[in-house]
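Student: kindly return the folded structure for what I paste below:
(one chain, ligands or ions: 2)
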Amino acid sequence: MSLIQARGLSHSFEHLLYDDINLDIEEAQSIAILGVSGSGKSTLINNLSTLLKPNKGIVNLNNKRDIYSKTNDEILEIRKNEVGIIFQSHYLFRGFSVLENLQVASILSNKQINMELLKKFGIDGLLKQHIGELSGGQQQRLSIARVLMKNPKIIFADEPTGNLDKNTSIDVIETIFHYIKTNNAAMLIATHDIEIANMCDEKYYLKNYTLNKI
Ligand SMILES: Nc1ncnc2c1ncn2[C@@H]1O[C@H](COP(=O)(O)OP(=O)(O)O)[C@@H](O)[C@H]1O
Ligand SMILES: [Mg+2]
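Tutor: Ligands and ions are numbered 1, 2, ... in the order given. Prediction:
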């Protein structure tokens, strides 16, 4: 079965964003969603990633069927165990050190701090530094390492390089792709960056209330 599966997803706030979306993402597969600002990319990621129940439709994540039919506790468990969500803003604790940030993540996820992963991300030498002393790229690499430390089978990335320059973006993205391939994980990424979208296995454009393959 697909790791990420959507059937008949619809969502609206004041206006309809999309209707009857179906999507399947398999192991080791990455899919990009492009679309103008406000088209609903983040909402779709939220619908798929346990964060927001869609108005209609079903989401299955790694054999957990119809996740929103479950209790809140069960949904939280799925978020904790199956899903890694990477945002544009890094949501690190600013006044704290790199190590302290990792310790919080380690406690919440019940997983050890993974020094090998930190080495791969080039942040293993920064443990004592405070978040404010890191560059933008280092901060985002840390926030991504913190997500991947959980060893999720499913990655959602919502404009993960939106705050980074071109070189740092490619650098950060390559670490995520490396994780996807080596862990047979599935990824859905929303991005404005066509170059990053082109690195994915498939691309979709969110427009006219649906996902159009491009
Ligand atoms: N929590 C919310 N409440 C009301 N409207 C929202 C909410 N979240 C998003 N929207 C609206 O839904 C539309 C799609 O937003 P979003 O999914 O963030 O698009 P994108 O990520 O493609 O820029 C926008 O018009 C936005 O203002
Ligand atoms: Mg968005």
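
Student: rest of the way, CA atoms for contacts and neighbours
Tutor: OK.

Student: tell me the contacts of the residue of the chain positioned farthest from its centre?
Tutor: Computed with C-alpha atoms, centre = their mean, the residue of the chain farthest from its C-alpha average is K128, at 26.6 Å. K128 is in contact with S97, V98, L99, counting by C-alpha atoms under 8 Å, 6 or more residues apart in numbering.

Student: the first one against L134, yeah?
Tutor: No. Using C-alpha atoms under 8 Å as the test, S97 is too far from L134 to be in contact (10.0 Å).

Student: more neighbours: these two, which one.
Tutor: S97 (19 against 15; other C-alpha atoms under 10 Å).

Student: measure the closest residue in space to that one that isn't next to it in sequence to H90 for me?
Tutor: Excluding its sequence neighbours, the residue lying closest to S97 (C-alpha to C-alpha, 6 or more residues apart in numbering) is H130, at 4.0 Å. Counting by C-alpha to C-alpha, to the nearest Å, the gap from H130 to H90 is 14 Å.

Student: count the neighbours of I214 for me.
Tutor: 9.

Student: next one, pLDDT for it please.
Tutor: If you check I214, the pLDDT there is 93.

Student: ok, it touching Y204?
Tutor: Yes. I214 lies in contact with Y204 (C-alpha under 8 Å); the separation is 5.6 Å.

Student: need the strands for this structure, in chain order.
Tutor: For the chain, the strands defined by DSSP state E cover 4-12, 16-25, 30-34, 56-61, 83-86, 154-158, 186-190, 202-207, 210-213.

Student: and the longest one, what other elements does it pack with?
Tutor: Pointing back at strand 16-25 there. strand 4-12, strand 186-190, strand 210-213 (3 or more C-alpha pairs under 8 Å, 6 or more residues apart in numbering; DSSP states H and E).

Student: mind listing what's buried along the longest one?
Tutor: Which is strand 4-12. Using 16 or more other C-alpha atoms under 10 Å as the burial criterion, the residues of strand 4-12 that qualify are I4, Q5, A6, R7, L9, S10, H11.

Student: of all the residues you listed, which comes closest to I196?
Tutor: I4 (20.3 Å; C-alpha to C-alpha).

Student: format the helices and strands packed on strand 16-25 as TSV; extra columns: distance to ligand 1.
Tutor: Output for the helices and strands packed on strand 16-25, formatted as TSV (distance: least, C-alpha to the nearest ligand atom, whole Å):
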stretch	distance to ligand 1
strand 4-12	7
strand 186-190	8
strand 210-213	12
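
Student: all good on my end, thank you.
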